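S.K.: Kindly generate the corresponding structure for this input.
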Amino acid sequence: MPDSDGNFALAPALLKDCHRLGRLHGNQLLLMDTSLVPWFILVPETRVTELCDLPEAERRHLDRAMGQLSDFIRRHWTVDKLNVAAIGNVVSQLHLHVIGRHRQDYCWPGVVWGRPEKAPYGPERVAEISAWLQAAWADEYQPGQRKE
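M.R.: Predicted coordinates:
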């Protein structure tokens, strides 16, 4: 989504609901601000709104980031299932949810989005998750950075 100057900008709803962790393979990496499940969002830095319209090279970068993030979730949380989705009905900016689920989570087997339950992260936990990401992908993860 472009800002008023035509540069990349995150949708306001994503900024409101998420912690901006940094960049992974040219995608913004966000953490949904609810600790009830490990819920990350990848946002390609593009004006394209549909996954099927993303140029092949950018799709490969997104796919690589999704795979690494999925493995990361499995290493750091107990999960029975990964939910990966690009829905975009509420926020049209192309973004990919990567969510770790377990059979005892708060809304299993239903979907997590649109639910009122929240448990915001404290700043220490966000810093810890960011440090885990940095340790996992020192050369590929850029904490707190964005495309200029």
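S.K.: Where do the strands of this structure begin and end?
M.R.: 18-24, 27-32, 39-44, 81-85, 96-101, 141-143 (DSSP state E).
S.K.: List the buried residues for the second one?
M.R.: Counting neighbours by 16 or more other C-beta atoms under 10 Å, one finds that the buried residues in strand 27-32 are 27, 28, 29, 30, 31, 32. Every residue, glycine included, has its C-beta placed from N, CA and C.
S.K.: now for that strand, which elements pack on it?
M.R.: Applying 3 or more C-beta pairs under 8 Å, 6 or more residues apart in numbering; DSSP states H and E, we find strand 27-32 packed against strand 18-24, strand 39-44, helix 56-76, helix 123-136.
S.K.: Let me have the strands of the chain in a markdown table, extended by mean pLDDT and distance to residue 117.
M.R.: Output for these, formatted as a markdown table (pLDDT from 0 to 100; distance: least, C-beta to C-beta, whole Å):
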| stretch | mean pLDDT | distance to residue 117 |
| --- | --- | --- |
| strand 18-24 | 95 | 16 |
| strand 27-32 | 97 | 12 |
| strand 39-44 | 98 | 12 |
| strand 81-85 | 97 | 16 |
| strand 96-101 | 98 | 14 |
| strand 141-143 | 87 | 28 |
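S.K.: wait, which of the ones you listed is closest to residue 75?
M.R.: strand 96-101 (10.3 Å; C-beta to C-beta).
S.K.: and that closest one, which strands flank it?
M.R.: Sheet partners assigned to strand 96-101 using DSSP bridges are listed as strand 39-44 (antiparallel), strand 81-85 (antiparallel).
S.K.: hey, which of those strands is tucked in deepest?
M.R.: strand 39-44 (a mean of 24; mean count of other C-beta atoms under 10 Å).
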